[in-house]
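[1] Provided below are the primary sequence and the corresponding predicted coordinates.
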Amino acid sequence: MTPFVTLHAWRVPRRAVPRALARMALDRGRLRATPGVRFAKLLGTGTGQSFGPTDADLTRYAALVVWAGAAAADDFAGSPVARAWARLATGQVRIDLRPLASRGRWSGIEPFGTPRGTAEGTVLALTRARLRPRRAVTFWRAIPPVAAAVGAAPGLLTRFGIGEAPIGWQGTVSVWRNTADLVEFAYRHPEHRTAILRTPTEGWYAEDLFARFAVLDVMGDRKVVGWSDGGERGRA
């Protein structure tokens with residue numbers, strides 16, 4: 001059975017940052033214990049400009065959740081975790097996703113299974129990695145050219161960084177007009193290809209995962225994730 005996945009993001013005012021950081025500590029376990037949750041990560045975010053430790057955006061937070069089904073995901077809005085974040089937020093968005101491909105592990109498991117699928121419309125790519133401490137500096141030095149290249153890539157709708165911790169546990173989310181645009185950048189852009197080829201020889205990651213999803217629906221304020229190609233609610 002193909003998992004049902006949601007990505008949530010909340011924008012909070014600067015005055016609420018201390019409370020948001022407290023929620024990050026309090027809500028990790030509560031999110032995992034929410035009925036219908038199969039896998040969940042509460043995440044900090046970054047601007048997506050460098051994907052290093054200076055890239056953090058303390059006014060935006062996210063949650064990636066794998067659900068038993070769409071009904072459980074719909075019930076999340078009434079949960080204690082979602083209500084707490086809604087009280088802090090000045091804007092929020094939910095993106096519904098269907099896994100198309102996934103390679104690697106996150107916290108030792110394959111959270112999205114081993115899907116095989118295609119999509120004609122909007123797609124979301126997620127990468128995450130746990131850096132080896134001794135290789136982190138060389139990784140951060142290698143990232144700026146790739147970050148600059150993805151920002152100018154045709155078909156990119158938005159991108160931002162994600163992380164379970166400020167240093168060493170990090171990833172990216174990018175949304176693309178279609179699979180062809182994503183593949184063109186991921187496998188044919190010279191800067192990105194160079195980074196891919198360096199990965200096995202540099203040994204940057206202790207654990208990593210790459211996943212691609214079809215975007216099924218977007219509900220809320222897309223500007224929270226820097227996606228401004230449409231209204232605040234719409235079918236993607």
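    That came in fine, so what should we check first?

[2] CA atoms for contacts and neighbours, from now on please.
    Fine.

[3] What strand or helix carries the residue nearest the centre of the chain?
    For the chain, the residue nearest the mean C-alpha position is V173 (4.0 Å; Cα atoms, centre = their mean). Here V173, judged by DSSP states H and E, is contained in strand 169-176.

[4] Now do the contacts for the residue nearest to the centre of the chain.
    Counting by Cα atoms under 8 Å, 6 or more residues apart in numbering, V173 touches 124-127, 159-162.

[5] any idea how far P115 is from the closest residue to it other than its chain neighbours?
    Leaving aside its chain neighbours, V173 sits nearest to L126 (4.7 Å; criterion: Cα to Cα, 6 or more residues apart in numbering). Distance from L126 to P115, counting by Cα to Cα, to the nearest Å: 14 Å.

[6] next one: K223
    On the measure of Cα to Cα, K223 and P115 end up 29 Å apart.

[7] among the helices and strands of the protein, which has the poorest mean pLDDT?
    Lowest by mean pLDDT, DSSP states H and E among the helices and strands of the chain is strand 233-234, with a mean of 34.

[8] burial count for the closest residue to E110 other than its chain neighbours?
    Among residues not flanking E110 along the chain, G104 sits closest, at 6.7 Å (Cα to Cα, 6+ apart). G104 has 19 neighbours, counted by other Cα atoms under 10 Å.

[9] now the helices: where do they sit in the chain?
    17-32, 70-75, 80-88, 136-151, 179-188, 190-202 (DSSP state H).

[10] Identify the residues contacting the closest residue to G220 other than its chain neighbours.
    The shortest distance from G220 to any non-neighbouring residue, by Cα to Cα, 6+ apart, is to V93 (4.3 Å). Contacts for V93 (Cα under 8 Å, 6+ apart) come out as 8-10, 218-222, 224-225.

[11] where in this structure is pLDDT low?
    Applying pLDDT under 70 to the chain picks out residues 48-53, 132-149, 151, 165-169, 187-206, 229-236.

[12] rerun that using 80 as the cut-off
    The model of the chain has pLDDT under 80 over residues 1, 47-55, 130-152, 165-170, 185-206, 228-236.

[13] Mind picking the two most distant members of the contacts of V93?
    For these, the farthest-apart pair by Cα to Cα is W10 and V218; their separation is 13.7 Å.

[14] partners of the residue nearest to the centre of the chain in the sheet?
    L126, F160 (DSSP bridges).

[15] Kindly report the same for F210.
    Where F210 sits in a bridge, its partners, by DSSP bridges, are R103, T127.

[16] Show the contacting residues for it.
    So F210 contacts 102-104, 125-128 (Cα under 8 Å, 6+ apart).

[17] what's the spacing between it and V81?
    27 Å.

[18] What of V17?
    In terms of Cα to Cα, V17 sits 16 Å off from V81.

[19] for M24, same thing?
    Counting by Cα to Cα, the gap from M24 to V81 is 10 Å.
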